[in-house]
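Asker: below are the sequence and a predicted model; questions follow.
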Amino acid sequence: MSGSIELSGHQYGKAENRVVRIYRDTPRHEIHDINVSTCLRGDFADAYLTGDQSKVLPTDTQKQTAYSYAKEKGLISIETYGLELARHFVDDIEPVSGARIEIEEYAWERAIVDGSEHDYTWIRKGQEVRTASITISDTGTWVIGGLKDLVILKSTGSEFSGFLEDPYTVLEPTDDRVMATTLVAQWRFVTTDVDWESVYAGIKAQIVKQFAQVHSLALQQTLFHIGKAILEEFPIIAEVRLSAPNKHHFEYALGRFGVENDNEVFHAADRPYGLIQAAVSRSDAPDAGPSWTTYAGWLS
Ligand SMILES: O=c1[nH]c(=O)c2[nH]c(=O)[nH]c2[nH]1
């Protein structure tokens, strides 16, 4: 190969700003704890090609903006906060033509002291992390909501049988197994006019309900049902993407000790794990544009 060498892609920003916003206007405080990454796209080639910084808004400035906006614009729904940041960078900073804001939110629940919720003490929730990705480009604005690290397990109501077999297949079919995963789900909105809090709660409830209620013939089937149920309930969502490691639970061989094990004692395997993924979308979903093009995940 002898083609000319060119800069064929670039983006830059400040990754993983840990911003904590406390609302303390009343004796009962509120907390919002996030990890926000800012990423700018635009006319920055000179910084790579010649070292000219004249168009580069420092990543430090992006960080300062993320902190200041937590006060100036407020930090309640991560989607709204992310939209404010993205719009600022694109509208107010001349060389910026696109922005990507990725946010994770860590949930805290109020400490219970003497039987009641405490006003300003919380315990970090071990549950899922809420996520949002906001993208603005020269062709539009996109919001993807989501969650990750939702660890969920059902102790029955799951089978896996009838699979393709070849000479290497040793897996026994089962009509009753533990099914467990650490779910990642992301959903793409078709509008920014959304009640972010209630939609998030509704989608999480739907995920849990489908996981529990669908009699699963495979994790693949469960994922499709989760995506379908979300799209049926929320017309403002065009597409759902799901990624689910199959956290295998193997019945432990207690027969060696003369002890019966009827799906009661398992080895919770760490790795390897099956990794099952699905995208479920409407046939008339509007174009996804660059909404799935990640920042921190670009090379990982
Ligand atoms: O739900 C499952 N899907 C698979 O594709 C698979 N493969 C496997 O070994 N176990 C499972 N379970």
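Answerer: The structure has been received and is ready for your questions.

Asker: and stretch 151-170, how far apart are its ends?
Answerer: Stretch 151-170 has an end-to-end distance of 28 Å (Cα to Cα, to the nearest Å).

Asker: for the closest residue to R28 other than its chain neighbours, what are its contacts?
Answerer: Among residues not flanking R28 along the chain, D119 sits closest, at 4.5 Å (Cβ to Cβ, 6 or more residues apart in numbering). (Glycine included, C-beta is placed from N, CA and C.) Neighbouring residues of D119 by Cβ atoms under 8 Å, 6 or more residues apart in numbering: P27, R28, H29.

Asker: double-check that D119 belongs to a strand.
Answerer: Yes - D119 sits within a strand when classified using DSSP: H, G, I helix; E, B strand; the rest coil.

Asker: got a pLDDT number for it?
Answerer: At D119, the model reports a pLDDT of 98.

Asker: hang on, the earlier thing: between the contacts of D119, which has the most around it?
Answerer: Counting neighbours by other Cβ atoms under 10 Å, H29 leads the contacts of D119 with 15 neighbours.

Asker: what's near enough to touch that one?
Answerer: For H29, the contact set (Cβ under 8 Å, 6+ apart) comprises I22, Y23, D119, Y120.

Asker: hmm, try it at 10 Å
Answerer: I22, Y23, R110, H118, D119, Y120, T121, W122 (Cβ atoms under 10 Å, 6 or more residues apart in numbering).

Asker: repeat that for D91.
Answerer: Taking Cβ under 10 Å, 6+ apart as the contact definition, D91 lies against A99, I136.

Asker: quick check: it vs the ligand, distance?
Answerer: Remark: distance between D91 and the ligand (Cβ to the nearest ligand atom, to the nearest Å) = 46 Å.

Asker: the strand or helix carrying that residue: what's the following helix or strand?
Answerer: Using DSSP states H and E, the element containing D91 is helix 78-92. Using DSSP H and E, the helix or strand that follows helix 78-92 in sequence is strand 96-106.

Asker: send the alpha carbons of that next one over as PDB?
Answerer: Extracted C-alpha coordinates of strand 96-106, given in PDB (Å, rounded to 0.1, in the frame of the first residue of the first chain):
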ATOM      1  CA  VAL A  96     -17.300  23.200  17.500                       C
ATOM      2  CA  SER A  97     -19.700  21.600  15.100                       C
ATOM      3  CA  GLY A  98     -20.700  18.600  17.200                       C
ATOM      4  CA  ALA A  99     -20.700  17.500  20.800                       C
ATOM      5  CA  ARG A 100     -21.200  14.200  22.600                       C
ATOM      6  CA  ILE A 101     -21.900  14.200  26.300                       C
ATOM      7  CA  GLU A 102     -21.900  10.800  28.100                       C
ATOM      8  CA  ILE A 103     -23.200  10.600  31.700                       C
ATOM      9  CA  GLU A 104     -23.500   7.900  34.300                       C
ATOM     10  CA  GLU A 105     -25.500   8.600  37.400                       C
ATOM     11  CA  TYR A 106     -24.900   6.800  40.700                       C
END
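
Asker: now for that strand, which elements pack on it?
Answerer: Counting contacts by 3 or more Cβ pairs under 10 Å, 6 or more residues apart in numbering; DSSP states H and E, strand 96-106 packs against strand 12-23, strand 30-42, helix 59-72, helix 78-92, strand 129-137, strand 140-154.

Asker: who are the packing partners of the first one?
Answerer: With contacts defined as 3+ Cβ pairs under 10 Å, 6+ apart, the packing partners of strand 12-23 are strand 30-42, helix 59-72, helix 78-92, strand 96-106.

Asker: any chance of the ones you listed in a markdown table, plus distance to D175?
Answerer: Output for the helices and strands packed on strand 12-23, formatted as a markdown table (distance: least, Cβ to Cβ, whole Å):
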| stretch | distance to D175 |
| --- | --- |
| strand 30-42 | 42 |
| helix 59-72 | 51 |
| helix 78-92 | 42 |
| strand 96-106 | 38 |
